[in-house]
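Visitor: Need coordinates for the below:
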Amino acid sequence: MKESFLLLPEERQNEIINAGYDQFSTHSYRKCPVGRIAEQAHISKSLLFYYFKDKKELYMTLWNKCASITASSLHEEKISELPFFDMLEKGPHVKMELLRKYPSLSAFAIRAYYENDERVRPEVQKTYQKMLKYYRDKTIHVMKSEEFKEGIDLSEMYQMIYYAAEGYLYEKVRSGNLDAGQ
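Guide: Residues are numbered from 1 along each chain as shown. Presented below is the predicted three-dimensional model:
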């Protein structure tokens, strides 16, 4: 991303970012029409490529922004410092606040996670795995064994919850019935 993009007013940046999230959330990386992103953002395709060197740079900027704003929101709300069940309760509220500002953020993040194009997949997965480990460790750290059935392995329970959620999301993406608002 070029500095010229960062010099735009935040509202203008968000308009371009939201257009990218919207289009990449409904199209694979390879099939996403960059011209539609520009059209939705009310700019020319050449201006979009003035701000971003190419499609990959745009996509990775969107991915990194997604990771950054998600982490910032969780940090601001001190989610990782809450008891486990409070985390589960407060998490969706944080998500809804993010969706007000970035309506297609969740759908983009889910589609990016399952993206198969080798031009972006390795970088997305590297970032995702790093974030996953960080939040898994934080979550397990605040879990108190006395809040659960005796003998429960907290790390294993966390993995089971994660895999159940991942399987649900994968099925939604695969079937084309992904609605991040659900």
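
Visitor: Look up the pLDDT of the spatially most central residue of the chain for me, please.
Guide: By Cα atoms, centre = their mean, the mean C-alpha position of the chain lies nearest to residue 109, the distance being 3.3 Å. Residue 109 carries a pLDDT value of 91.

Visitor: what helix or strand does it sit in?
Guide: In the assignment (DSSP states H and E), residue 109 maps to helix 105-113.

Visitor: Name the next helix or strand downstream of that helix, please.
Guide: Helix 105-113 is succeeded, C-terminally, by helix 121-142 (DSSP H and E).

Visitor: what's the angle between that following helix and helix 105-113?
Guide: Here helix 121-142 runs at an angle of 120 degrees relative to helix 105-113 (axes from the mean of the first three to the mean of the last three Cα atoms, to 10 degrees).

Visitor: Need the contact partners of helix 121-142.
Guide: Under the contact criterion Cβ atoms under 8 Å, 6 or more residues apart in numbering, helix 121-142 has outside partners 60, 63-64, 67, 71, 74, 80-84, 87, 112-113, 115, 154-155, 158, 162. For every residue, glycine as well, the C-beta is placed using N, CA and C.

Visitor: Could you identify the buried members of those?
Guide: Listed as buried from those are 60, 63, 67, 74, 82, 84, 87, 112-113, 115, 154, 158; burial here means 16 or more other Cβ atoms under 10 Å.

Visitor: quick one: which two of these are the most distant?
Guide: Using Cβ to Cβ, the two most remote members of the buried ones among the contacts of helix 121-142 are 60 and 154, lying 34.1 Å apart.

Visitor: what about the closest residue to residue 117 other than its chain neighbours, which SS state?
Guide: Of all residues not flanking residue 117 in the chain, residue 29 sits nearest, at 4.2 Å (Cβ to Cβ, 6 or more residues apart in numbering). Recorded secondary structure, residue 29: coil (DSSP: H, G, I helix; E, B strand; the rest coil).

Visitor: Fine, thanks again, bye for now.
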